[in-house]
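> Requesting a structural model of the entry that follows:
(one chain, ligands or ions: 1)
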Amino acid sequence: MESTTAAPNVLTDDEVMLRDTIRRFAEERVLPGELERDHACRFHAELVAELAEMGFLGIPVPEQYGGAGMSTMCYALTVEEIAKVSGSLALTLAAHTSLGTMPIVDFGTEEQKREFVPDLASGKHLGSFALTEPQAGSDSGATKTSATRDGDHYVLSGQKSWITNAGYAGSFVVTARTSAGKGSDGISAFLVRRGVPGFAIGEPEKKLGLHSSDSRPIFFDGCRVPAAQRLGPEGEGFKYFMKTLDRGRIVIGAMALGLAEGALACALKYAKERKTFGKEIAAHQAIAFKLADMATQIEAARLLIHQAARKKDAGLPFARDAAMAKLFASEMAMRVTSDAIQIHGGYGYTREYHVERMFRDAKLCTIGEGTSEIQRLVISRSLVQEGLGY
Ligand SMILES: Cc1cc2nc3c(=O)[nH]c(=O)nc-3n(C[C@H](O)[C@H](O)[C@H](O)COP(=O)(O)OP(=O)(O)OC[C@H]3O[C@@H](n4cnc5c(N)ncnc54)[C@H](O)[C@@H]3O)c2cc1C
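Numbers count the residues shown, from 1 in each chain. Have a look, this model is predicted:
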């Protein structure tokens, strides 16, 4: 696959084949029940099992650990196609892969990789990433959950919030403070299995959108975790999750892109069907121009996402590109889904049309894996410290 030499917006034959496969799955298997699942706030366990069967739960995981060994570009294309019809399933897959699996692949010992990764890549169970706490979201250096060394174990105590997939995950990458008073250098990362004593999983959050995605608080109360399940040296946890989020941001950008594309497709179809004042509303220039602006913004987001993914796959620095891609794509998705509702008029404001769900789902993309404000911090710091780069 010539993924590192292709222009950002040109897909290789293999990428097109992958995209078409996942697009078929999304349209035939995911779309038909999406509104019903969303309204019932029902987790899509059967679709996750189908994704696992198709080998899509370990897209960027190396083949030696049971994954597909594919590029970040392929992973982003997959999430985009799923998000066109289901933001919830896209987030389930993104959190499982970027956050619950890849930190083990990137930073784990050979033993940890062999023990944890194959079950995640095969979809035997989902993975979760537990960083956020009630008082530490953007300011994750303020992590309070503690991990105290006791012989060949650590004892974890504290609470984490908003943990995607927590109700269905078999393993969790958890950040906890191993040294007081050292700020972000006192934070380490641990691999924790579901069901160990002292580890409890709370009730699902009642959310604005992404109703079929699972988000819960988790609790540690004297939970003993073997020291062999610490990810990397003590004090490296903060750096690890910063790197983890860089890759994750490309894919949350792809999720926002997919939601916007889904909304534009719905709006275009509706604009050609709905008639007012004797003609299709697409023939009113105000609506036609709105459609043009939506499509143009979508293409700009696609280029940013593809550029960040291509750079990552080529081994080039990509953190600023990933932040720009996520920032632009997620804010674009809010504008485009809002315009899609506008084009549907009053019908768009009802739960009978997908655009209402897409609008609610898109909002998360401006918050999760670093808010828009945090992306602007990342981008502006990079500009000041490293210059324009061109
Ligand atoms: C559906 C969903 C799924 C999630 N999944 C996970 C998960 O799987 N794992 C996980 O660990 N977390 C997860 N999160 C948590 C998410 O990452 C945090 O909500 C996010 O990082 C923001 O943190 P916060 O909610 O504490 O907001 P705060 O950090 O309290 O921010 C509040 C506001 O202040 C702004 N702000 C904060 N600091 C600054 C600053 N320095 N400069 C300018 N503005 C600032 C923010 O941008 C925001 O607008 C999830 C959240 C949601 C809603």
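> right, and Ala227 touches Ala147 too?
No - if you go by C-beta atoms under 8 Å, Ala227 and Ala147 don't touch, sitting 9.8 Å apart. Bear in mind the C-beta positions are built from the backbone N, C-alpha and C, glycine included.
> Report the set of residues contacting both of the two.
Counting by C-beta atoms under 8 Å, 6 or more residues apart in numbering, the shared contacts of Ala227 and Ala147 are Tyr154.
> neighbour-wise, which of the two wins?
Ala147 (28 against 14; other C-beta atoms under 10 Å).
> for the record, mean pLDDT for the helix or strand harbouring that one?
Under DSSP states H and E, the secondary-structure element containing Ala147 is strand 146-150. Mean pLDDT, computed over strand 146-150, is 97.
> cool, stretch 62-70 as well?
Per-residue scores along stretch 62-70 average to 98.
> before we move on, what about stretch 160-171?
Stretch 160-171 comes out at a mean pLDDT of 98.
> which phi and psi does the closest residue to the ligand within the stretch 51-200 of the chain have?
Relative to the ligand, the nearest point of the stretch 51-200 of the chain is Gly137 (1.8 Å; C-beta to the nearest ligand atom). Phi and psi for Gly137, reported as degrees, to the nearest 10, are phi -110, psi -90.
> That one: neighbouring residues, count only.
So Gly137, with other C-beta under 10 Å, has 16 neighbours.
> Please tell me how far the residue of the chain most remote from its centre sits from His284.
Distance to the chain centre peaks in the chain at Gly278, reaching 43.7 Å (criterion: C-alpha atoms, centre = their mean). Separation of Gly278 from His284 (C-beta to C-beta, to the nearest Å) stands at 11 Å.
> Could you do Val10 as well?
35 Å.
> With Thr97 instead?
Shown here: Thr97 relative to His284, a distance of 43 Å by C-beta to C-beta.
> Three-state assignment for Val173, please.
Put simply, Val173 is strand when judged by DSSP: H, G, I helix; E, B strand; the rest coil.
> Counting neighbours, what do you get for it?
With neighbours defined by other C-beta under 10 Å, the count for Val173 comes to 28.
> Ok, the one 3 residues further on next?
Burial of Ala176 is recorded as 29 neighbouring residues (other C-beta under 10 Å).
> State the phi and psi torsions of the residue farthest from the centre of the chain.
Backbone torsions of Gly278, given as degrees, to the nearest 10, read phi 80, psi 10.
> domain assignment for the protein?
Listed by automatic domain parsing, the domain ranges of the chain are 13-126, 128-234, 239-386.
> which ones are touching Asn9?
Arg302, Leu303, His306.
> Now restrict those residues to buried residues only.
Arg302, His306 (16 or more other C-beta atoms under 10 Å).
> sorry, back to before: which of Thr97 and His284 has more neighbours?
Higher neighbour count among Thr97 and His284: Thr97, with 28 against 14, using other C-beta under 10 Å.
> Please look at the more buried one and Ala52 and confirm they touch.
No - with contact defined as C-beta under 8 Å, Thr97 does not count as touching Ala52 (11.8 Å).
> what's stretch 191-203 in contact with?
104, 108, 112, 116, 125, 155-156, 166-167, 169-174, 216-225, 229-231.
> Next one: Lys311 relative to Thr72, how far apart?
The span separating Lys311 from Thr72 equals 9 Å under the rule C-beta to C-beta.
> Any buried residues in the lengthiest helix in the chain, and which?
Identified as the longest helix of the chain according to DSSP state H is helix 237-273. The neighbour-count check on helix 237-273 (16+ other C-beta under 10 Å) flags 237-238, 240-241, 244-264, 266-268, 270-271 as buried.
> Phi and psi next, for the residue of the stretch 201-350 of the chain found nearest the ligand.
Residue nearest to the ligand within the stretch 201-350 of the chain (C-beta to the nearest ligand atom): Ser215, separated by 4.8 Å. The phi and psi values for Ser215, taken as degrees, to the nearest 10, are phi -130, psi 130.
> Share the number of residues neighbouring it, please.
21.
> Who is it paired with across the strands?
Thr164 (DSSP bridges).
> was I right about it contacting Lys160?
No - between Ser215 and Lys160 there is no contact under C-beta under 8 Å: 11.2 Å.
> What residues does the residue of the stretch 201-350 of the chain closest to the ligand make contact with?
The neighbours of Ser215, taking C-beta under 8 Å, 6+ apart as the test, are Trp162, Ile163, Thr164, Ala166, Pro204, Glu205, Lys207.
> Could you do Glu386 as well?
Arg320 are the contacts of Glu386 under C-beta under 8 Å, 6+ apart.
> Within range of the ligand, give me the residues from the chain.
Proximity of the chain to the ligand (C-beta under 6 Å from any ligand atom) is limited to residues 95, 99, 129-132, 137-139, 162-164, 207, 210, 215, 364, 367-369, 371, 373-374, 377.
> Now go through the residues you listed and say which are in strands.
Members of the residues of the chain next to the ligand lying in strands (criterion: DSSP state E): Phe129, Ala130, Trp162, Ile163, Thr164, Ser215.
> Run a quick neighbour tally on the first one.
Translated: Phe129. Using other C-beta under 10 Å, Phe129 has 29 other residues around it.
> Next up, the contacts around it.
Counting by C-beta under 8 Å, 6+ apart, Phe129 makes contact with Ala95, Ser98, Leu99, Gly100, Pro103, Ile163, Thr164, Phe172, Val173, Phe241, Thr244.
> Could you check which of Lys311 and Thr72 has the larger neighbour count?
When Lys311 and Thr72 are compared for neighbours, Thr72 comes out ahead with 25 against 20, by other C-beta under 10 Å.
> Please report the distance of the more buried one from Gly248.
According to C-beta to C-beta, Thr72 and Gly248 sit 11 Å apart.
> Then Ala76?
In terms of C-beta to C-beta, Ala76 sits 11 Å off from Gly248.
> Residues in contact with both of Ser215 and Lys160, list them for me.
With C-beta under 8 Å, 6+ apart applied, the contact sets of Ser215 and Lys160 do not overlap.
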